[in-house]
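1. Fold the following.
(chains A, B, C and D)
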Protein chains: 2
Amino acid sequence: MADVFEALAAPARRAILDELIDRDGQTLFEICARLTMKHDLSLTRQAVSQHLTVLEAAGLISTRREGRCKLHFLDTTPLTEAVVNRWLKPKRKNDNA
Amino acid sequence: MADVFEALAAPARRAILDELIDRDGQTLFEICARLTMKHDLSLTRQAVSQHLTVLEAAGLISTRREGRCKLHFLDTTPLTEAVVNRWLKPKRKNDNA
DNA sequence: TTGACAGGCAAGTCGACACTTGCCTATTAT
DNA sequence: ATAATAGGCAAGTGTCGACTTGCCTGTCAA
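-> I've put the predicted structure just below:
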C-alpha cells in the first residue's frame, strides 16, 4: 500500500474524497464533472484518473467494474490507522479528556 | 494557517511529529540528533529548521524561546480538524459503530 | 572580550509530481 | 459493422519543494 499522506498531499485528491463522501460509488466522469462544478477544479479526465490511481494505491478508495463503468468507493480505514492511531491516540495517554 | 496536509506530506516532518510525541518540548539540535538516531534521517540542521517552520505555520507545533534555546511543542488539534472532522466523522453518520 | 553554542536568512540545485496531449482498448447501442 | 461511451497507457513539460551551502545574529561562560 502506497503512502496515505502522499495521497492526501494534492488538494484535488482531497476534493475527490469529499465528493465520494457526498456520494459514494461514482464513475470517473461523474467525479470529473462534480470537481468542476462544486470545487472549481477543471481537470482533464486523465488527471482525475491518475489521482484515483494514487488514492486506490493508498487504500483510500476501492473500485468495482460494472460493465464499461468503474465505480469508486471511499474507504477511510487507512486514515484512522495513519493519523488517529499514530498521533491522536498516543496523546490521549497523557490528557484523556 | 498554512495547509496541514502539505505539512504532513514530507516523511521527515511526520518523523518530527513522532519525536515530539515521544518527548515534547525539544530543541532544534535535539530533534536533529533523534532523527538521525531513531529514524535513520541524517538531515542538515537547516533542513530540520525549515521543516519546523512549515509545521509551525500549519499549527502543528508551537514554540517558546528559553534563553538561546527554542523549544518545540506538539499540537494535534489541526489534525483533528483537518482529518477527523472532514472525513471520519461524516462517515459515522451512516455507519455509526 | 573572546569563543562556543543555538538558531536564522538567503540563494542555489535537483528531483519528483501534477497535469497535459495523443493514441489505444473495451463495452454498449444503432 | 460502426459509432459513441467509459476508461487506460505512455511520453513530455513545468513548477514547486526538499535539501544543501555559506554566512550572519543572539546568548552564555571563560
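
2. Within range of DNA strand C, give me the residues from chain A.
-> Residues of chain A lying close to DNA strand C by CB under 7 Å from any atom of the strand are A:6, A:9-10, A:12, A:42-44, A:46-47, A:50-51, A:54, A:67-68. All C-beta atoms are positioned from the backbone trio N, CA, C, and that covers glycine.

3. Let's see which of these end up in helices.
-> A:Glu6, A:Ala9, A:Ala12, A:Gln46, A:Ala47, A:Gln50, A:His51, A:Val54 (DSSP state H).

4. residues in contact with the closest residue to chain B within chain A?
-> The nearest approach of chain A to chain B comes at A:Ala9, 3.9 Å away (CB to the nearest CB). Neighbouring residues of A:Ala9 by CB atoms under 8 Å, 6 or more residues apart in numbering or on different chains: B:Phe5, B:Glu6, B:Leu8, B:Ala9.

5. Check it and give its pLDDT.
-> Looking at A:Ala9, its pLDDT stands at 97.

6. among the contacts of A:Ala9, who's most crowded?
-> Highest neighbour count within the contacts of A:Ala9, by other CB atoms under 10 Å in any protein chain shown: B:Leu8, with 27 neighbours.

7. Quick check: closest non-adjacent residue to A:Leu41.
-> A:Leu35 (4.4 Å; CB to CB, 6 or more residues apart in numbering or on different chains).

8. pretty sure that neighbour contacts A:Arg13?
-> No. Assessed by CB atoms under 8 Å, A:Leu35 is found out of contact with A:Arg13, at 10.5 Å.

9. quick check, nearest of the ones in helices among the residues of chain A next to DNA strand C to B:Thr77?
-> Checking those against B:Thr77 by CB to CB gives A:Ala9 as the nearest, at 20.5 Å.

10. how close does that closest one sit to DNA strand D?
-> 8 Å (CB to the nearest atom of the strand, to the nearest Å).

11. A:Thr80 too?
-> From A:Thr80 to DNA strand D the distance is 24 Å (CB to the nearest atom of the strand).

12. residues touching the residue nearest to that residue when sequence neighbours are not counted, list them.
-> Distances taken as CB to CB, 6+ apart place B:Leu88 nearest to A:Thr80, at 6.4 Å, with adjacent residues excluded. Residues in contact with B:Leu88 (CB under 8 Å, 6+ apart) are A:Thr76, A:Leu79, A:Thr80, A:Val84.
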